[in-house]
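Asker: using only what follows, build the 3D model:
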Amino acid sequence: MRSYSLAALCAVLTPLVYASATMAAPLTFGAALKLAQQTAPSLQSKAADVSAARSSAIAAGRLPDPKVRFGVENFPVSGPPAGSFTAESMTMATVGVMQDMPNGDKRRAERQKAAADIGVADANAAVEAREVRLNTALAWVDLYYAEKKLAALDTVQQSIEAIAKTAPSQLAAGATRPAQALAADQMNADLADRRADLLADVTRARAELVRWTGDDQADVLGDPPEFAVNASDLRAGLDHNPTLLPYGALVQQAQSDVQMARANKRPDWGWDVTYQHRDGRWGDMVSTGVTISLPLFQKTRQDPVIEAKTTEVTRARLDQDAAHRQLLAQFEADLADHLMHHDRMMRAQTTLVPLAEKKVALETASYGAGTATLSDVQQAQLALAEARIDALSREADVVRDGVRINLTYGSDQ
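Answerer: Now for the predicted structure:
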């Protein structure tokens, strides 16, 4: 009962899948990557981070805003002149301007920190761009091969249906037992199960391609590109792999934090000018002055912060080394998988599929000669379908490896 339910479900879903494919906007491999880079929200988010970092850098190292001071000085609160603004010669209304002047090292460190922040944002944007390209490419390849596997199943199913039409005549002639005629129904149910799996693969792959391209009707057009894996060239460029850029940028950011902490050991200074207005009998006055900070307790204030920031630099460098080792290990593992997948693909194409095709030919000939049953032929054809689908899966693994290895370990060009 379950098999027949799946068969009915596939009968309903298949026209819908093909209808959606017909209405879809086909994308070549290159067009899909270009569209993803234009529309991916994650890339726009990273671009906003870069813009924010560059905007913040404009203010880095600038003098702080000046301050305006208003006040009343020497206002008497006791004695004969208490409460009077004019009885005491030293009572005055004041207005002044004050400007803090951070030391030069601190301002240079702020500019270095802003530049490091831009570097981190740029590096993260570059990594995200690679991730978008890679995931879009893999989604395109997955949809391409999912549709090819579904088409391969259709081709074999047509052969099975053609041979199944001879069942009534074989049964009438007594060449087939009545129970064997049920094998066709069982075969159709098995094919319906397999079709349901492949339809789900197509739907999942298309959903992933829609996710990265933003095209709600995305479909594939053309063939996947050939990504040759040049292990020696890729290995030689691993030290400069763009995926390591964020770690180097984080090291620079930590180093700028150290410079900021060290700059706090140098005194800052500031100046102020004040105009003092008194009663006309006494005359107005002007005052000016300079303030200087005194970092006298460095062992308990500045030095611990410097030590902490220096430790952060060490941590950032260790993270960079760990990421480099991980990249090397993952590269070698991916190369090993690629060689294995290529070997499996060649075995399927040169041995497994030809053997399945030969078996179908032999069983069909035996069926025509009356020495094999309809079930034997159908089982051989079902095995051929699985062999072809498996060969396409193995080919997809090889293509996916080529895409992933080149887009992960290659340059951005």
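
Asker: check which helix or strand the residue nearest the centre of the chain maps to.
Answerer: Centroid-nearest residue in the chain: residue 131, 3.6 Å away (criterion: CA atoms, centre = their mean). Assigned by DSSP states H and E, residue 131 belongs to helix 104-164.

Asker: same for that helix, what does it pack against?
Answerer: helix 29-39, helix 41-59, helix 178-213, strand 218-220, helix 245-263, helix 353-369, helix 374-409 (3 or more CB pairs under 8 Å, 6 or more residues apart in numbering; DSSP states H and E). Any C-beta I mention is one placed from the backbone N, CA and C, and that applies to glycine too.

Asker: now those as CSV including distance to residue 109, mean neighbour count and mean pLDDT?
Answerer: Below are these laid out as CSV (distance: least, CB to CB, whole Å; neighbours: other CB atoms under 10 Å; pLDDT from 0 to 100):
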stretch, distance to residue 109, mean neighbour count, mean pLDDT
helix 29-39, 36, 18, 93
helix 41-59, 13, 14, 95
helix 178-213, 40, 18, 83
strand 218-220, 49, 25, 91
helix 245-263, 4, 20, 94
helix 353-369, 66, 16, 89
helix 374-409, 36, 21, 90
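
Asker: returning to what we had before: residues contacting the residue nearest to the centre of the chain?
Answerer: Contact partners of residue 131, counting by CB atoms under 8 Å, 6 or more residues apart in numbering, are residue 42.

Asker: sorry, back to before: would you turn the helices and strands packed on helix 104-164 into JSON lines with distance to residue 150?
Answerer: As requested, those are exported to JSON lines (distance: least, CB to CB, whole Å):
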{"stretch": "helix 29-39", "distance to residue 150": "19"}
{"stretch": "helix 41-59", "distance to residue 150": "30"}
{"stretch": "helix 178-213", "distance to residue 150": "5"}
{"stretch": "strand 218-220", "distance to residue 150": "13"}
{"stretch": "helix 245-263", "distance to residue 150": "40"}
{"stretch": "helix 353-369", "distance to residue 150": "17"}
{"stretch": "helix 374-409", "distance to residue 150": "9"}
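
Asker: ok, which of those comes nearest residue 282?
Answerer: Across these, residue 282 has its closest neighbour in helix 41-59 (43.7 Å, CB to CB).

Asker: now for the following helix or strand past that closest one, which elements pack on it?
Answerer: Going down the chain from helix 41-59, the next helix or strand is strand 67-73, by DSSP H and E. Strand 67-73 sits against strand 92-101, strand 269-277, with contacts defined as 3+ CB pairs under 8 Å, 6+ apart.

Asker: mind listing what's buried along stretch 336-348?
Answerer: Across stretch 336-348, burial judged by 16 or more other CB atoms under 10 Å covers 337, 338, 341, 342, 344, 345, 348.

Asker: these in helices, which ones?
Answerer: Among the buried residues of stretch 336-348, the ones falling in helices (DSSP state H) are 337, 338, 341, 342, 344, 345.

Asker: surely residue 57 touches residue 121?
Answerer: No. Using CB atoms under 8 Å, residue 57 is not in contact with residue 121, being 10.2 Å away.

Asker: about what we covered before: go through the helices and strands packed on strand 67-73 and name the closest to residue 205.
Answerer: For residue 205, the closest of the helices and strands packed on strand 67-73 is strand 92-101, at 60.5 Å, according to CB to CB.

Asker: who's in contact with the closest one?
Answerer: With CB under 8 Å, 6+ apart as the test, strand 92-101 has contacts from 63-64, 66-74, 268-278, 284-285, 287.

Asker: ok, of the ones in helices among the buried residues of stretch 336-348, which one's closest to residue 238?
Answerer: Looking across these and measuring by CB to CB, the closest to residue 238 is residue 338, at 15.8 Å.

Asker: leaving out the residues flanking it, which one is nearest to the closest one?
Answerer: residue 401 (4.0 Å; CB to CB, 6 or more residues apart in numbering).

Asker: pLDDT on stretch 304-317, on average?
Answerer: Mean pLDDT, stretch 304-317: 96.

Asker: show me what counts as buried in it.
Answerer: 305, 306, 309, 310, 312, 313, 316, 317.

Asker: nearest to residue 148, of the residues you listed?
Answerer: Of all those, residue 316 has the smallest distance to residue 148: 46.4 Å, by CB to CB.

Asker: any idea which helix or strand carries the closest one?
Answerer: helix 302-347.

Asker: is the residue sitting furthest away from the middle of the chain in a helix, a strand, or coil?
Answerer: Each residue of the chain has a distance to the centre, and by CA atoms, centre = their mean the biggest one is for residue 80: 79.0 Å. Following DSSP: H, G, I helix; E, B strand; the rest coil, residue 80 is assigned to coil.

Asker: does it touch residue 87 like I think?
Answerer: Yes. If you go by CB under 8 Å, residue 80 and residue 87 touch, sitting 7.1 Å apart.

Asker: now the buried residues of stretch 304-317 as TSV including distance to residue 110?
Answerer: Formatted as TSV, these follow (distance: CB to CB, whole Å):
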residue	distance to residue 110
305	16
306	16
309	14
310	19
312	17
313	18
316	19
317	23
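
Asker: of all those, which comes closest to residue 113?
Answerer: Checking these against residue 113 by CB to CB gives residue 309 as the nearest, at 11.1 Å.

Asker: and that closest one, what does it touch?
Answerer: Applying CB under 8 Å, 6+ apart to residue 309 gives the contacts 254, 257, 258, 260, 261.

Asker: for the nearest residue to residue 312 once chain neighbours are set aside, give its distance to residue 382.
Answerer: Nearest non-adjacent residue to residue 312, counting by CB to CB, 6+ apart: residue 254, 4.6 Å away. Look at residue 254 and residue 382: by CB to CB, to the nearest Å, they are 62 Å apart.

Asker: same thing with residue 299?
Answerer: 81 Å.

Asker: quick one: contacts for the residue nearest to residue 357 when sequence neighbours are not counted?
Answerer: Of all residues not flanking residue 357 in the chain, residue 384 sits nearest, at 6.1 Å (CB to CB, 6+ apart). Going by CB under 8 Å, 6+ apart, residue 384 touches 156, 353, 356, 357, 359, 360.

Asker: thanks again, I'm all set now.
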